[in-house]
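*Asks:* Take a look and give me a structure for this.
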Amino acid sequence: MISQMLGVGIAHAKIILVGEHAVVYNQPAIAIPLTNLMVTTTIRPAFRGQTIESNTFHGDLNELGANVEGLRQLILKLLQHLKLSDASFNLEIETNIPQERGFGASAAFATSITKAFFDYVNASLTPALLKHFTDLAESISHGSASGLDAATVSSDDPIWFVKNDTLTPFKMALTGTLVVADTGIHGQTMHAVNIVKTNLTDDYDLTWQKIVHLGQIAEKVRTDLTDNHPEHVGLLFTAAHHELQSLGISHPKLDNLVNAALHAGALGAKLTGAGIGGAMFALARNNDEAITIASALTKAGAQNTWIQPL
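*Replies:* I've put the predicted structure just below:
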């Protein structure tokens, strides 16, 4: 007999505000939730089989492609943990989070799926258990995951992160609106990481100075977010972009969008995530100015834009 259970799990995207690449070298980074980009997983009982439906895949669990092996392994571990290995179900994933743009899509998927399975059997899900399962999927998808994406896609607050040290939510009091834009180019994480490594080999002192400067910017950004200094934090965002640019991990499309946002009145703008493609964001004073900036970004070639009040 099939029960009438239904399981639902929701997670959101994230972006790194500041600290990309410098975070690899133990400098601080700040990530914030992007709550209007979401993934919802719904699990329903079925007469037979274990089927997955999403906008990119429809079929049996055992036919999931190698590009989502992390999610397949996650589902198998969840089924084992919750004693559902022989259960028949249909798992449906709906999302508007673009993948490979630095938005934490894979962590959001893993979080959403984990929440849905625990909801399906009405089992309690502690933050530690949620982190365990999300990290499991992330480590298969990305090698050794830092835990930053996993923490931010299920947090309502910004996350302050230092590698191998702290992962701390904090309250943000900043008034303003964020405009996020997608270049349409996949971010190149490993390529960008290797560029910074090469820079350190070629000119250690200058490159290290830039990395430390990015860490100092992150410290000041945190203060501005908590004390509500939008004009100053905007300048810091732009300064961080120029530092990342000088490290060689920007891209002409990113630079073009950053310039377009600044010309349209943004308080600041920078790339977000790995760089060499991916996404950027701009800080607007308010929603009206955000609409103007989003329009300018679209005219400058952004594939998509999103507006999020802070």
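
*Asks:* Which strands border whichever strand in the chain runs longest, and is each parallel or antiparallel?
*Replies:* Longest among the strand segments of the chain by residue count, using DSSP state E, is strand 29-45. Strand 29-45 sits in its sheet next to strand 7-18 (antiparallel), strand 89-95 (antiparallel), strand 159-161 (antiparallel), going by DSSP bridges.

*Asks:* Tell me the helix or strand right after that strand.
*Replies:* strand 50-53 (DSSP states H and E).

*Asks:* still on that earlier bit, pLDDT of the longest strand of the chain, averaged?
*Replies:* For strand 29-45, the mean per-residue pLDDT is 94.

*Asks:* tell me which residues in it are buried?
*Replies:* Of the residues in strand 29-45, 29-34, 37-43, 45 count as buried by neighbour count, 16 or more other C-beta atoms under 10 Å. Where you see a C-beta, it was placed from the backbone N, CA and C, and this is true even at glycine.

*Asks:* Can you tell me which of the strands paired with strand 29-45 is packed in deepest?
*Replies:* Mean neighbour count (mean count of other C-beta atoms under 10 Å) peaks for strand 7-18 among the strands paired with strand 29-45, with a mean of 25.

*Asks:* so D224 touches E231, yeah?
*Replies:* No - counting by C-beta atoms under 8 Å, D224 stays clear of E231, with 9.0 Å between them.

*Asks:* The two: which is more packed in?
*Replies:* More neighbours surround D224 than the other of D224 and E231, with 20 against 12 (other C-beta atoms under 10 Å).

*Asks:* what is the rounded mean pLDDT of the helix or strand where L79 lies?
*Replies:* In this structure, L79 sits in helix 69-81 according to DSSP H and E. Here helix 69-81 scores 90 as its mean pLDDT.

*Asks:* Just list the residues touching the spatially closest residue to V121 that is not a sequence neighbour, thanks.
*Replies:* Spatial nearest neighbour of V121, excluding adjacent residues (C-beta to C-beta, 6 or more residues apart in numbering): L82 at 5.3 Å. By C-beta atoms under 8 Å, 6 or more residues apart in numbering, the contact list for L82 reads F117, F118, Y120, V121, A123.

*Asks:* Need the single longest helix in this structure, by residues.
*Replies:* When the chain is parsed with DSSP state H, its longest helix is helix 204-227.

*Asks:* and after it, which helix or strand comes next?
*Replies:* helix 230-246.

*Asks:* angle of that following helix against strand 7-18?
*Replies:* 80 degrees (axes from the mean of the first three to the mean of the last three C-alpha atoms, to 10 degrees).

*Asks:* how much does helix 230-246 deviate in direction from helix 204-227?
*Replies:* Going by the same axes, to 10 degrees, helix 230-246 makes 160 degrees with helix 204-227.

*Asks:* Could you tell me the average pLDDT over helix 230-246, please?
*Replies:* Mean pLDDT, helix 230-246: 97.
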